[in-house]
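Student: sequence? don't have it. structure:
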């Protein structure tokens, strides 16, 4: 079982049990200090069993549960924000279907480290007199209505959109939402819980979606992950674009149309974000990798816009403090309605190459310190990021949970990015001997 402030994930009855998850849910109810907790799940087949375990744990300790059934993670974050209630999302996010887990939300934001440590701690909270809680189903979430209100009913009339819903939670929202905005919508992999491709759209080829965009002459295609927070776009030529390109394109629209003067992105996100921000007179602040780190840095700096390119995640704190795929999709669709397909050429696209190497963590940490010393001006926000030229950088980061080092490189061409990643892989191996 993997635990991080982003949640807990594992394979049910292999490295985690229903008893484990029930204990986490009970502890969360205590840590959140609320008599009411919201609950939702994605479409994995273990979701109903885990949801029942969560309900039993919370209701048995006097907590009332509002169960939304299958909705996306961003929809639950939004509901938590509006209601001011803690929430539990049953999901393993972009992990493959055999995995599942829990995400914890407090008042529309991911749980903080101190509270999370209490949630996964080995002990239970001190017993109090047991008061039976209740559970009730909620048939609707306000997420779709709020997005329609933000973008305007019928405001994107005629834009032709192809969707690969990946069998995930976006099946609950995406098609009706886009149709209310006036889009012509075609969808595949839209049967909930039927997974015909890899869960994570950033690593899948999205071959069916790319073919459909070209064959049906669509303006854009969107691919979602299982809990509906990650997004990848396919342009009108049927080309799958990177998560970094998607984020840059969405931020380009938002920064230019808003008064926001700061954007927070993770240290491994494309340099193209700086180009977009500078053109709009905004500043870019870099955070450690991870959605929770981006959100923390946004709050710390009073920023409303942010995201992570590697996960295809846009964050708009004025609506949701989490990655929100449909918010990003609608931002791009609205731009297509206003400007047409030329919008794809408005932002610079760089190429990235990522590798992971098995190396002992203590040696990796020492090697990273050496590389930082040898590279004046290196960015040590998270690991070490070295600029090899004006448009080429390499980032070396040690995993926080295993003996793995992750190397990311970006350049103007795929060949240069791969070459930079290989060169630093070699350097790292030499330093770790």
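Tutor: Okay, I see it. Everything numeric in this text was worked out from a predicted model, so none of it was measured.

Student: Could you list the buried residues of stretch 360-374?
Tutor: Of all the residues in stretch 360-374, those buried under the rule 16 or more other Cβ atoms under 10 Å are 363-364, 367-368, 371-372. (Each C-beta comes from the backbone N, C-alpha and C, glycine too.)

Student: Sorry, slip of the keys, the one I care about is stretch 2-15.
Tutor: Quick answer for stretch 2-15 (16+ other Cβ under 10 Å): 2-3, 5-12.

Student: before we move on, what about stretch 395-404?
Tutor: For stretch 395-404, by 16+ other Cβ under 10 Å, it's 395-398.

Student: related to what we said a few turns ago, between the buried residues of stretch 2-15, which is closest to residue 195?
Tutor: Closest to residue 195 out of the buried residues of stretch 2-15 is residue 11 (15.1 Å), distances taken as Cβ to Cβ.

Student: Check the secondary structure at the closest residue to residue 110 other than its chain neighbours for me.
Tutor: Take residue 110 and drop its neighbours on the chain: the residue closest to it by Cβ to Cβ, 6 or more residues apart in numbering is residue 292, 5.2 Å away. The three-state assignment at residue 292 reads helix, by DSSP: H, G, I helix; E, B strand; the rest coil.

Student: Count the residues that sit near residue 292.
Tutor: The number of residues packed near residue 292 is 21, by other Cβ atoms under 10 Å.

Student: right, and the helix or strand after the helix or strand encompassing residue 101?
Tutor: Using DSSP states H and E, residue 101 sits in strand 99-106. Next helix or strand after strand 99-106 toward the C-terminus (DSSP H and E): strand 109-110.

Student: Adjacent strands (with direction) for that following strand?
Tutor: strand 99-106 (antiparallel) (DSSP bridges).

Student: For the strand it pairs with, the averaged confidence score.
Tutor: Across strand 99-106, pLDDT averages out at 96.

Student: residues in contact with it?
Tutor: Contacts to strand 99-106, defined as Cβ atoms under 8 Å, 6 or more residues apart in numbering, come from residues 6-12, 16, 21, 24-25, 28, 32, 38, 44, 46-47, 50, 54, 73, 76-77, 80, 86-93, 95, 110-112, 115-116, 119.

Student: Please narrow the residues you listed to those residing in helices.
Tutor: 21, 24-25, 28, 32, 47, 50, 54, 73, 76-77, 80, 115-116, 119 (DSSP state H).

Student: List just the nearest of the buried residues of stretch 2-15 to residue 376.
Tutor: Nearest member of these to residue 376, counting by Cβ to Cβ, is residue 5, at 32.7 Å.

Student: How about residue 367: what's its closest non-neighbour residue?
Tutor: Closest to residue 367 by Cβ to Cβ, 6+ apart is residue 431, at 3.8 Å.

Student: and the one you found, what does it touch?
Tutor: Counted by Cβ under 8 Å, 6+ apart, residue 431 has contacts 363, 366-367, 370-371.

Student: now it: how far from residue 100?
Tutor: Using Cβ to Cβ, to the nearest Å, residue 431 is found at 38 Å from residue 100.

Student: likewise residue 119?
Tutor: For residue 119 relative to residue 100 (Cβ to Cβ), the value is 17 Å.

Student: ok, the two, which is more surrounded?
Tutor: Higher neighbour count among residue 119 and residue 100: residue 100, with 26 against 23, using other Cβ under 10 Å.

Student: So what pairs up with that one in the strands?
Tutor: Applying DSSP bridges, one finds that residue 100 bridges with residue 10.

Student: And it, how far from residue 115?
Tutor: In terms of Cβ to Cβ, residue 100 sits 21 Å off from residue 115.

Student: can you check residue 94 too?
Tutor: Counting by Cβ to Cβ, the gap from residue 94 to residue 115 is 24 Å.

Student: Looking at the two, which has the bigger crowd around it?
Tutor: Higher neighbour count among residue 94 and residue 115: residue 94, with 22 against 18, using other Cβ under 10 Å.
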